[in-house]
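Engineer: here is the input, now give the coordinates:
(one chain, ligands or ions: 2)
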Amino acid sequence: MKHDDCIFCKIIAGEIPSAKVYEDDAVYAFLDISQVTTGHTLIIPKTHTTDIFETSEAIAGELFSRVPKVAAAIKKAYQPVGFNIINNNGEFAGQSVFHLHLHLMPRYDESDGFGVKWVERSSEFDADDLENIATKINQAF
Ligand code: AMP
Ligand code: ZN
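Structural biologist: Ligands and ions are numbered 1, 2, ... in the order given. The predicted structure is shown next:
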């Protein structure tokens with residue numbers, strides 16, 4: 001279902017221009033206007049869904065199933081040395097467009113536009129801590 005106030009729904013409908021990379025019945029992929037790294041592509045489900053928490057297994061399955069071939073095309077075109085796939089959910093996590101999307105980000109070198117903070121904290125958690133955390137999540141299914 002198209003959401004009238006959603007910029008990505010408008011892109012799918014052709015009401016806002018985009019640089020299309022790939023399209024089929026279920027997904028649309030286009031260049032992120034910010035081009036954090038060259039070839040930075042967004043892949044989105046054609047069915048509007050706000051974020052990962054509102055997404056059905058069926059929609060997620062269709063979206064993720066297309067990722068390998070779109071990533072492979074970007075890799076073939078630009079020969080990156082690495083590749084990050086990012087999905088931001090919620091404003092705090094950096095989501096600014098509330099139509100589910102995956103960022104496909106080819107990586108070139110340390111000075112390309114992308115970076116993440118990844119703090120190693122394993123010394124703060126022993127096996128019991130990990131077991132307790134896993135149990136808490138297990139019980140939430
Ligand atoms: P996020 O911050 O994870 O929600 O990502 C949203 C992304 O959409 C940003 O990286 C924007 O650069 C990108 N974006 C917003 N508007 C457009 C547009 N009209 N065409 C292409 N990319 C867009
Ligand atoms: Zn939408």
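Engineer: just to be sure, Ile85 is in a strand?
Structural biologist: Yes - if the criterion is DSSP: H, G, I helix; E, B strand; the rest coil, then Ile85 is within a strand.
Engineer: that one against Pro106, yeah?
Structural biologist: No - with the criterion set as C-beta atoms under 8 Å, Ile85 and Pro106 do not qualify as a contacting pair; they are 10.6 Å apart. The way it works is simple: take the backbone N, C-alpha and C, and place the C-beta from them, glycine included.
Engineer: higher neighbour count, these two?
Structural biologist: When Ile85 and Pro106 are compared on other C-beta atoms under 10 Å, the one with more neighbours turns out to be Pro106, at 23 against 12.
Engineer: give me the phi and psi for the spatially most central residue of the chain.
Structural biologist: Using C-alpha atoms, centre = their mean, the residue of the chain that lies closest to the mean C-alpha position is Leu102, 1.6 Å off. The phi and psi values for Leu102, taken as degrees, to the nearest 10, are phi -110, psi 130.
Engineer: ok, it - contacts?
Structural biologist: In this structure, Leu102 makes contact with 42-44, 63-64, 67, 85-87, judged by C-beta atoms under 8 Å, 6 or more residues apart in numbering.
Engineer: residues from this protein in reach of ligand 2?
Structural biologist: When proximity is defined by C-beta under 5 Å from the ion, the chain lies next to ligand 2 at 3, 6, 8-9, 48, 99.
Engineer: just the buried ones among those, please.
Structural biologist: Among these, those scoring as buried are 6, 8-9, 48, 99 (criterion: 16 or more other C-beta atoms under 10 Å).
Engineer: how about the residues you listed in a markdown table, adding distance to Asp24, secondary structure and pLDDT?
Structural biologist: Formatted as a markdown table, these follow (distance: C-beta to C-beta, whole Å; DSSP: H, G, I helix; E, B strand; the rest coil; pLDDT from 0 to 100):
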| residue | distance to Asp24 | secondary structure | pLDDT |
| --- | --- | --- | --- |
| Cys6 | 20 | coil | 98 |
| Phe8 | 16 | helix | 98 |
| Cys9 | 17 | helix | 98 |
| His48 | 17 | coil | 98 |
| His99 | 17 | coil | 98 |
